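**Student:** Pasting a predicted model and its sequence here:
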Amino acid sequence: MVQKTVLMSNLVVCHSQDWTFNCVATLARAWLHKELAVTDQNGMNGCMMKRCLKMGYGMVNWIRTISTFSGSEFKTKLRRYALTFVWVVVCATNQNILDATDADSGKVLVKVQGKPITKADLDLATRIQQLRPDHRIERDTELLERLIDRQLIRNFLAAQKIQAPADEVEFLIQRAESILKKRGEDPKEFFKRFGITTERLKDELGLPIAWHIYVLKTVPPEQIREYFESHRSELDGTELRVRQIFMKVNSASLETRSETVLATMKKIRMEIVSSQTDFASAAKKYSQAPSRDNGGDIGKIGFHGKVPNVVAKAAFQLKPGEVSEPVVSNLGIHMIQVVEQFPGDLSVEDARPEILERLSQNLWEQTIEQERNKGRIERTQK
């Protein structure tokens with residue numbers, strides 16, 4: 001059960017387009033890992049474990065499907081899950097993940113088309129990401145760029161006259177305040193303590209709603225069908241039986257070691273494709289994964305779940321018998337051979353949530369690039 005929960009907490013991810021729910025995901029991971037630490041020392045009763053799993057899987061479902069709903073269905077899902085942000089912030093108070101802003105919190109770091117991003121905004125982002133002081137220097141720049149991206153999207157949507165319905169946002173805020181009051185908290189004091197103003201809360205809850213409206217206006221049904229046809233095997237439930245050669249990379253010497261392992265992998269691949277050896281024999285000889293004993297056979301994989309995403313993407317571009325180029329993941333370096341393909345039977349409607357999710361992310365990135373090219377980003381602090 002503990003292993004299952006660790007896996008689940010690692011799956012709580014979200015798109016860069018939704019900073020609010022990225023906060024949710026990060027805080028959820030922290031909360032879950034804290035609970036797991038308690039489990040390791042004192043044991044966890046079944047009720048607490050079920051709460052962990054229910055919260056985590058609920059957020060996974062929200063994050064993966066938020067941009068796929070419309071009308072009343074969308075409103076129902078939004079009302080059910082958007083308040084997770086507030087709920088997890090409440091949990092975070094018990095871990096001191098968030099604290100008061102410092103005296104320099106009002107300093108403007110950058111102006112995006114005239115809209116300021118302050119040190120308080122960056123501090124809140126870094127605290128939610130649980131960055132230690134020695135990690136802030138390398139991460140502050142990345143987080144600031146993400147805050148800039150979000151402000152660019154806000155400005156873009158405003159120019160398009162697209163905004164979240166006020167009654168929906170107000171409903172969510174009222175629900176948030178209700179949760180806090182039940183915990184004996186004064187909502188105004190609570191959010192003030194963590195530098196979250198009412199306007200900030202409206203912005204964070206309203207942005208994904210407004211973006212959803214824009215996506216639905218921009219992506220026509222025929223684009224969804226075309227995307228399905230061009231990515232059918234990734235979306236229709238197709239499975240692949242694959243073999244793998246895997247080599248670990250020592251993080252202490254990541255760059256040097258990666259180059260050495262990549263060179264080795266490329267040499268092995270040349271031996272395989274030139275028929276000097278077969279993939280199974282090479283896996284038994286070189287692979288550092290347990291599957292080496294089976295000639296690298298790791299069984300069936302879908303496009304999601306069993307292997308890192310970057311590995312699955314490489315595998316699903318291959319035909320049976322073909323061998324991938326070396327693929328770098330956060331685990332190490334992989335080389336894949338597809339042995340057999342098992343076609344899926346899901347329809348375009350079955351795949352619609354994931355298609356919209358992908359198209360939404362693509363559209364988000366294109367819009368940011370377009371808006372950045374217009375300039376008007378004034379950096380006032382180095």
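**Tutor:** Perfect, I can see it now. Residues are numbered from 1 along each chain as shown.

**Student:** only C-alpha atoms for contact and neighbour calcs from this point on.
**Tutor:** Noted.

**Student:** Dump the C-alpha coordinates for the strand or helix carrying residue 208 into PDB.
**Tutor:** When elements are assigned from DSSP states H and E, residue 208 belongs to helix 198-218. Provided in PDB are the C-alpha atoms of helix 198-218 (Å, rounded to 0.1, in the frame of the first residue of the first chain):
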ATOM      1  CA  THR A 198      -9.100  38.200  -2.600                       C
ATOM      2  CA  GLU A 199      -8.100  39.500  -6.000                       C
ATOM      3  CA  ARG A 200      -5.200  37.000  -6.100                       C
ATOM      4  CA  LEU A 201      -7.600  34.200  -5.300                       C
ATOM      5  CA  LYS A 202     -10.000  35.300  -7.900                       C
ATOM      6  CA  ASP A 203      -7.200  35.400 -10.500                       C
ATOM      7  CA  GLU A 204      -5.900  32.000  -9.600                       C
ATOM      8  CA  LEU A 205      -9.400  30.300  -9.600                       C
ATOM      9  CA  GLY A 206     -10.600  32.300 -12.600                       C
ATOM     10  CA  LEU A 207      -7.600  31.800 -15.000                       C
ATOM     11  CA  PRO A 208      -8.200  28.100 -15.700                       C
ATOM     12  CA  ILE A 209     -11.900  28.700 -16.300                       C
ATOM     13  CA  ALA A 210     -11.200  31.600 -18.700                       C
ATOM     14  CA  TRP A 211      -8.600  29.500 -20.500                       C
ATOM     15  CA  HIS A 212     -11.000  26.600 -20.800                       C
ATOM     16  CA  ILE A 213     -13.600  28.900 -22.500                       C
ATOM     17  CA  TYR A 214     -10.900  30.200 -24.900                       C
ATOM     18  CA  VAL A 215      -9.800  26.600 -25.800                       C
ATOM     19  CA  LEU A 216     -13.400  25.500 -26.500                       C
ATOM     20  CA  LYS A 217     -13.900  28.600 -28.800                       C
ATOM     21  CA  THR A 218     -10.600  28.000 -30.600                       C
END
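
**Student:** list the helices and strands that helix packs on?
**Tutor:** helix 19-42, helix 133-159, helix 166-182 (3 or more CA pairs under 8 Å, 6 or more residues apart in numbering; DSSP states H and E).

**Student:** hey, least reliable of those by pLDDT?
**Tutor:** The minimum mean pLDDT among those belongs to helix 19-42 (a mean of 40).

**Student:** Run the angle between the helix holding residue 208 and helix 133-159 for me.
**Tutor:** What separates the directions of helix 198-218 and helix 133-159 is an angle of 60 degrees, with axes from the mean of the first three to the mean of the last three CA atoms, to 10 degrees.

**Student:** Surely residue 244 forms part of a helix?
**Tutor:** No. Assigned with DSSP: H, G, I helix; E, B strand; the rest coil, residue 244 falls outside any helix and is strand.

**Student:** shouldn't it be in contact with residue 297?
**Tutor:** Yes. Residue 244 lies in contact with residue 297 (CA atoms under 8 Å); the separation is 6.4 Å.

**Student:** Now for those two: what residues contact both?
**Tutor:** Taking CA atoms under 8 Å, 6 or more residues apart in numbering as the contact definition, residue 244 and residue 297 share the neighbouring residues residue 291.

**Student:** re earlier: and the helix holding residue 208, what's buried?
**Tutor:** When neighbours are counted by 16 or more other CA atoms under 10 Å, the buried residues of helix 198-218 are found to be 201-216.

**Student:** who's more crowded, residue 244 and residue 297?
**Tutor:** When residue 244 and residue 297 are compared for neighbours, residue 244 comes out ahead with 27 against 22, by other CA atoms under 10 Å.

**Student:** Report pLDDT for the more buried one.
**Tutor:** At residue 244 the predicted local distance difference test score is 97.

**Student:** Give me the helices and strands touching the helix or strand harbouring residue 362, please.
**Tutor:** Secondary structure from DSSP H and E places residue 362 in helix 348-373. Applying 3+ CA pairs under 8 Å, 6+ apart, one finds that helix 348-373 makes contact with helix 46-65, helix 133-159, helix 221-230.

**Student:** In that helix, which residues are buried?
**Tutor:** Buried positions in helix 348-373, judged by neighbour count with 16+ other CA under 10 Å: 348, 351-357, 359-361, 363-365, 367-368, 371-372.

**Student:** so it versus helix 198-218, what angle?
**Tutor:** The directions of helix 348-373 and helix 198-218 differ by 120 degrees, with the same axes, to 10 degrees as the criterion.

**Student:** Alright, that wraps it up for me.
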